[in-house]
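**Q** Here is the input, now give the coordinates:
(chains A and B)
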Amino acid sequence: MTDELVKLSAAQMAAKIKSGEVSSRELVEAHLKVIEAAEPSIQAFLQVSADEARAQADAFDEKTAKGQTEGLPELAGVPIAIKDMIVTKGIVTTAASKILEGWVPPYDATVIEKLKAAGMPLLGKTNLDEFAQGSSTEHSAFGPTHNPWDTDRVPGGSGGGSASAVAAFEAPLALGTDTGGSIRQPGALTGTVGVKPTYGGVSRFGAIAMASSLDQIGPVSRTVLDSALLQEIIGGHDRRDSTSIPAPVRPMAAAAREGMKRDLKGMRIGLVKELGGEGFQPGVQARFNESVKLLEEMGAEIVEVSCPHFPYSLGAYYIIMPSEVSSNLARYDGMRYGLRVMPPADVPQTAANMMAYTREAGFGDEVKRRIILGTYALSAGYYDAWYGSAQKVRTLIIQDFNKAFEQADVLISPTSPSTAFKFGEKMDDPLAMYMNDIATIPANLAGTPAMSIPSGLSDDGLPAGIQFIAPQQRDEVMYKPAAALEAALNEQWGGPIWQSLKTPWLDGLNK
Amino acid sequence: MHLGDLARIALTDEEIARLQGELNVIADAINKVQEVAGDDVPPTANPVPLEAYLRPDVAEAPLTQEEAVSGAPVSESGMFVAPRILGEE
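**A** Coordinates of the predicted model:
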């Protein structure tokens, strides 16, 4: 029973709640059982909030019994996991950093308020690279998360915890944050769906700030429709976020359902010449090419587009991101929350020295590397040459997108150049690690929505992803072809990609 | 290292040596952006430009004093306790 229940999509779980076949509490219990069985090998969670989840589920079931659930979103009552980069009132939030170890936020992020209003129980907080800085979840101060497809390999990052939790059936849904690919790349590496909405489409109030002009909260799920339904819940205007777009939520679930009919006649899909080929693993490229063929068979017109400035996006990103990181992380000063480390006795016991020793002890290597790089980029004499130039590249990338969207309705590329790599493989080479995000970064720089869905298993038996990118504030445009491709691939495979996933942690749960 | 002071991180000698090497490699990689950043290209700060606006002038309940200091490493009588600002000299 547990086994069958947790393998349903979130939309299917919601339907069973609606028909009275299952309660929200039963769904929570089923997932807590999986979490208990899976965590020793997967380690997706930093914190499991079992008591809170049970209380929320009971409150929802009581409302259902009283007939008070009218008007709630379709996913009402379905549990969800939250990346530990998003603050949750009363539940420890750490950003996987020692500097915030044990911190209990006094408020909820806007997206958490919306999930609570929708009656969706919070299962816990998922692991990430410290302050979302990394592409493998190896930079977590509390140990790495393992990829359910091969536990000797990384789940991607920074949102490896959310992606692994959803892939391993520990949660049907999760929230992530995406600054350069932190939702989409783990999605590709774990065979799950990950969406970065339009910048400003989902409130960032209560998302721990990494690089404010790039950060975006988004859905993680096993199906395209589930992500659409979730994005409709968390999206929309919030005046507590000054970059939140004052416009209604886009019709994403309708677009996904339209896509499931597998008719893409009249849609122009653009292959981005600069994102693919050299540097991409042959198996990843092969699955991508097969997906393109399926899209064409469903009636889409495939066109090649060129975005000549994309090769400069990685450079621009590694100026803008660390600059904003160095500024945003200045708040961890040992004064108002988090860790405080006083200097050794022979050093003056001043506030400035306390800050320096606190930050030395509290931040990990990658975070220090980025703060120092950002401090350098923003320092007098370098500002115009680096930060100023990077902002100009950003304009050029937006112009590339604008031109591409004149020729195509939606753009596609492989999500990540490779499948999941082994622990330690890229830890000593920051540049090799940074290359993971080569295809995902342009969407962050331009603020466009983008999503990754599984494209199949590469030659090594590990999942690969395909990325769809839509124009700003038209997120629904990518959901339609993504749902169509998902349906076509599922038919070809005789079921979802996770049919090929071995899940020893689920054995014996049905007793 | 000067950058460590600016960033308020008490880096160890070993960290400084390692960071110098890494930063040089990263700097070479990102210097490329200057190739295309001509004078005629305007900079972008926010990819989705929005007009600033005022919220309705209605009072809202902020965090209570107790909530605001709840995460403080040291607090006293509802206030944050900070080390002294000035050194000995």
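**Q** What is the burial count for residue 20?
**A** With no chain named, the answer covers chain A. 9 (other CB atoms under 10 Å in any protein chain shown). Placement of C-beta: from N, CA and C, glycine included.
**Q** Actually, chain B is the one I wanted.
**A** Counted with other CB under 10 Å, B:Gln20 comes out at 12.
**Q** ok, now how distant is it from chain A?
**A** Separation of B:Gln20 from chain A (CB to the nearest CB, to the nearest Å): 10 Å.
**Q** Convert the helix ranked longest in chain B to CSV, retaining C-alpha atoms only.
**A** With secondary structure taken from DSSP state H, chain B has its longest helix at helix B:13-30. Output in CSV follows, covering the C-alpha atoms of helix B:13-30 (Å, rounded to 0.1, in the frame of the first residue of the first chain):
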residue,chain,number,x,y,z
ASP,B,13,47.7,31.5,5.7
GLU,B,14,46.9,28.2,4.1
GLU,B,15,43.5,29.5,2.9
ILE,B,16,45.1,32.7,1.5
ALA,B,17,47.6,30.7,-0.5
ARG,B,18,45.0,28.4,-2.0
LEU,B,19,42.5,31.2,-2.7
GLN,B,20,45.1,33.2,-4.6
GLY,B,21,45.8,30.4,-7.0
GLU,B,22,42.1,29.7,-7.5
LEU,B,23,41.1,33.3,-8.0
ASN,B,24,43.7,33.8,-10.7
VAL,B,25,42.3,30.9,-12.6
ILE,B,26,38.7,32.1,-12.2
ALA,B,27,39.8,35.7,-13.1
ASP,B,28,41.3,34.6,-16.4
ALA,B,29,38.1,32.8,-17.2
ILE,B,30,35.8,35.7,-16.5
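**Q** Check which element follows it along the chain.
**A** helix B:65-68 (DSSP states H and E).
**Q** Quick check: next helix or strand after that next one?
**A** Defined by DSSP H and E, the subsequent element after helix B:65-68 is strand B:75-76.
**Q** Which elements pack onto that following strand?
**A** With contacts defined as 3 or more CB pairs under 8 Å, 6 or more residues apart in numbering or on different chains; DSSP states H and E, strand B:75-76 has no packing partner among the helices and strands.
**Q** Pull out the buried residues from the longest helix of chain B.
**A** B:15, B:19, B:22-23, B:26-27, B:30 (16 or more other CB atoms under 10 Å in any protein chain shown).
**Q** Then stretch A:319-339?
**A** Buried positions in stretch A:319-339, judged by neighbour count with 16+ other CB under 10 Å: A:319-329, A:332-339.
**Q** for stretch B:78-89, same thing?
**A** In stretch B:78-89, counting by 16+ other CB under 10 Å, buried: B:82-83.
**Q** what residue is smack in the middle of chain A?
**A** For chain A, the residue nearest the mean C-alpha position is A:Ile183 (2.1 Å; CA atoms, centre = their mean).
**Q** give me every residue that touches that one.
**A** A:159, A:162, A:176-177, A:194-196, A:218-220, A:452 (CB atoms under 8 Å, 6 or more residues apart in numbering or on different chains).
**Q** which non-adjacent residue is nearest the residue in chain B that chain A sits nearest to?
**A** At 2.9 Å from chain A, B:Pro47 is the closest residue in chain B, using CB to the nearest CB. Excluding the flanking residues, the one nearest B:Pro47 by CB to CB, 6 or more residues apart in numbering or on different chains is A:Gly447, at 2.9 Å.
**Q** my guess is that neighbour meets B:Val48, correct?
**A** Yes - using CB atoms under 8 Å, A:Gly447 is in contact with B:Val48, at 4.7 Å.
**Q** Just confirm A:Met240 is within a helix.
**A** Check again: residue A:240 is Arg, not Met. No - using DSSP: H, G, I helix; E, B strand; the rest coil, the assignment for A:Arg240 is coil, not a helix.
**Q** Excluding sequence neighbours, find me the nearest residue to it.
**A** Excluding the flanking residues, the one nearest A:Arg240 by CB to CB, 6+ apart is A:Phe205, at 4.1 Å.
**Q** which residues does residue 79 contact?
**A** The chain I'm using is chain A. Counting by CB under 8 Å, 6+ apart, A:Pro79 has contacts A:24, A:27-28, A:31, A:53, A:57, A:120-123, A:171-173.
**Q** oops, chain B please
**A** By CB under 8 Å, 6+ apart, the contact list for B:Met79 reads B:Val69.
**Q** can you rerun that using 10 Å?
**A** Taking CB atoms under 10 Å, 6 or more residues apart in numbering or on different chains, we find B:Met79 in contact with B:65, B:68-69, B:72.
**Q** show me what contacts residue 52?
**A** No chain was given, so I picked chain A. Counting by CB under 10 Å, 6+ apart, A:Glu52 has contacts A:28, A:88-91, A:116, A:121-124.
**Q** nope, chain B
**A** Applying CB under 10 Å, 6+ apart, the residues near B:Ala52 are A:Ser242.
**Q** Next one, pLDDT for it please.
**A** pLDDT, B:Ala52: 83.
**Q** Kindly report the same for the one 10 residues further on.
**A** Looking at B:Pro62, its pLDDT reads 92.
**Q** next one: the one 4 residues further on
**A** Here the pLDDT value assigned to B:Glu66 is 95.
**Q** tell me the contacts of the residue nearest to it when sequence neighbours are not counted?
**A** Spatial nearest neighbour of B:Glu66, excluding adjacent residues (CB to CB, 6+ apart): B:Gly78 at 6.8 Å. The contact partners of B:Gly78, by CB under 10 Å, 6+ apart, come to B:64-66, B:68-69, B:72.
**Q** which residues touch A:Val224?
**A** Applying CB under 10 Å, 6+ apart, the residues near A:Val224 are A:9, A:193, A:195, A:252-253, A:255-257, A:259-260, A:451, A:453, A:468, A:478-487.
**Q** out of those, which touch chain B?
**A** When CB under 10 Å from any CB of the partner chain is taken as the criterion, no member of the contacts of A:Val224 contacts chain B.
**Q** circling back to that earlier point, state the pair within the contacts of A:Glu52 that is farthest apart.
**A** Longest distance between any two of these is 18.9 Å, between A:Val28 and A:Lys89; criterion CB to CB.
**Q** Look at these two and report which has more neighbours.
**A** The residue with more neighbours, out of A:Val28 and A:Lys89, is A:Val28; 26 against 17, by other CB under 10 Å.
**Q** So which elements touch the worst-scoring helix or strand of chain B on mean pLDDT?
**A** Least confident helix or strand, chain B: helix B:13-30 with a mean of 83, by mean pLDDT, DSSP states H and E. Other helices and strands packing on helix B:13-30, by 3 or more CB pairs under 10 Å, 6 or more residues apart in numbering or on different chains; DSSP states H and E, are helix A:313-328, helix A:365-377, helix A:430-434, helix B:2-6.
**Q** quick one: which of the ones you listed has the weakest pLDDT on average?
**A** Mean pLDDT per stretch puts helix A:430-434 lowest among the helices and strands packed on helix B:13-30, at a mean of 79.
**Q** do that helix and chain B meet?
**A** Yes - for helix A:430-434 and chain B, the contact criterion (CB under 10 Å from any CB) is met by A:430-431, A:434.
**Q** Who are the contact partners of A:Ile99?
**A** Per CB under 10 Å, 6+ apart, neighbours of A:Ile99: A:130-131, A:141, A:329, A:332-334, A:337-341, A:358-359, A:361-364, A:367.
**Q** Fine by me, we can end here.
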